[in-house]
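Engineer: with the sequence up front, the predicted model follows.
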Amino acid sequence: MFRYSGGRARSIKRGRRIGRRRGLRLGSGLYSVNFEAILKIGGLVLVAAGLVCLAIFVVVPLFSGGNPSSVVTQSAGTEETATPTPSVDLTQIAEELSSIGRSSIIDASIYGDKIVFATSSSLTEITSTADAIAVYDMTNKTAETISGITKKYDAGLFEPKMNDKYIVYLDCKSKDGGSVCGYDISSGKQFVMRDYIFGKPKVTLSGKYALWLQQTMPGTDKLYLYDLETRECATIEIFVNTNFFISAPYISDDSIIYVQPKDEEKVLDGSSASSDAEICVMPLKDKGDREPVYGLTGTFIYEPMIRGNDIIYLDGVRDNDCRLLYSTIRPDAASASDHTKTLTTPVEIAKGVLNYCIGDGFAAYTKDNTVYVYNFADGSTRPLSGETIRALLAGAYGKDIIWYDITDGISDTPDVLMHTLLP
């Protein structure tokens, strides 16, 4: 299942979460007052007010040809909060992928009808040290261990991603880094894209490209784009002694998105004194020209994800107070002189989320042991997991979402992977 490196997983026992509702109880003996006269006068006043409202809002519009309407306005620069609305009960359509046939399902991710995950070569072993990568076919309901991928280092294999042609993953050491690796599905060959020493890169995959940010030395981070066909690695950006938290990049089907200091490209030495951030979007076609996209002044932007013109991101560095926000790139905001684009006023999806991802028209996230889906079109929020289930988001692709049922724990019990296809 989803494991945190460098930390010890804690067992979470099965439990039912019961919400408590506090009501306001009015005591009849609190005041000893004669209300009879007051009620009579109040009744006359209410009748008179009702007649006035009837004349103003019904009779007058009826004869003037107008229709009653309501107008909601929003002040510029304010953040609209997403409000849950009643809809289809998604908790009833989830399916358990029991036919995977593995006790350890680590760092599962989804692509089409395939799920790739790190696991143990022993089907029944419960472990956090994976020595194999397997792919589960949801159509055929079969799982296959990739024989061409072998573990080199002691800490194991982590965070695999896949598409039709390639699998990328991390082969980690318990100390001093590891390797960012690739696997060609057609040829059955694995290869090392780049070794790393500091931290653990977060690698994303799209088409023939793999993207990640890697710390190469203290104070220096490089943004790498690796061509899996030619086996060439290009450095997109170098960040030197930046004054804001370095944020993981993301690659979608058509764009690369990352955060850089504002006006970074205007600084000759590649470093910026600015603590303000800007989102940089680089299309995978049209020669990949960078397009800076500016958010609202003072908005902190961290770990954005993109799908089309939809962008989700955090406004803090993953603490309980930071919010998951949603914005879109203004399609008509490009300037003829500098091609600058801006984000729409952000909408708050949720606060204090554990993890999140983006799909076609929605964001999925984990909060308080429940997986939720936020719909971009109507602003509705719906849970995927029921009230008696503890859940953890694994990933999404298209309209498919996979998540873990961790009700029975995350360290000493077989992993349970669930799948929800949004209607």
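Structural biologist: Received, thanks.
Engineer: which residue or residues pair with the nearest residue to Tyr326 once chain neighbours are set aside through a beta bridge?
Structural biologist: Closest residue in space to Tyr326, ignoring its immediate chain neighbours: Val347 at 4.7 Å, by CB to CB, 6 or more residues apart in numbering. Using the backbone N, CA and C atoms, a C-beta is placed for each residue, glycine as well. Beta-bridge partners recorded for Val347 (DSSP bridges): Glu80, Tyr326.
Engineer: separation between Val347 and Ala377?
Structural biologist: When CB to CB, to the nearest Å is the yardstick, Val347 and Ala377 sit 12 Å from each other.
Engineer: output the lowest mean pLDDT helix or strand found in this structure.
Structural biologist: helix 60-64 (a mean of 39; mean pLDDT, DSSP states H and E).
Engineer: got any ranges where this protein has weak pLDDT?
Structural biologist: For the chain, applying pLDDT under 70 flags the ranges 1-87, 243-244, 262-276, 286-290, 292, 294-298, 331-340.
Engineer: Tyr111 and Pro160 touch, don't they?
Structural biologist: No. Taking contacts as CB atoms under 8 Å, Tyr111 lies outside contact range of Pro160: 10.3 Å.
Engineer: which one of the two is surrounded by more residues?
Structural biologist: Relative neighbour count places Pro160 above the other of Tyr111 and Pro160, with 28 against 18, counting by other CB atoms under 10 Å.
Engineer: CA atoms only: put stretch 102-120 into CSV for me.
Structural biologist: Output for stretch 102-120, consisting of C-alpha atoms alone and laid out as CSV, is shown next (Å, rounded to 0.1, in the frame of the first residue of the first chain):
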residue,chain,number,x,y,z
ARG,A,102,-1.0,-10.1,-3.4
SER,A,103,-0.7,-9.4,0.3
SER,A,104,1.5,-6.4,-0.3
ILE,A,105,0.3,-3.7,-2.8
ILE,A,106,2.7,-0.8,-2.4
ASP,A,107,2.4,2.6,-4.0
ALA,A,108,-0.3,1.6,-6.5
SER,A,109,-1.0,3.8,-9.4
ILE,A,110,-3.5,3.5,-12.3
TYR,A,111,-3.3,4.0,-16.1
GLY,A,112,-6.3,3.0,-18.1
ASP,A,113,-7.4,-0.5,-17.0
LYS,A,114,-4.0,-1.3,-15.6
ILE,A,115,-2.7,-0.9,-12.1
VAL,A,116,1.0,-1.0,-11.4
PHE,A,117,2.4,-1.5,-7.9
ALA,A,118,5.5,-2.5,-5.9
THR,A,119,5.2,-5.8,-4.1
SER,A,120,7.0,-8.9,-2.8
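Engineer: got the buried residues for it?
Structural biologist: When burial is assessed from 16 or more other CB atoms under 10 Å, stretch 102-120 yields the following buried residues: 102-111, 114-120.
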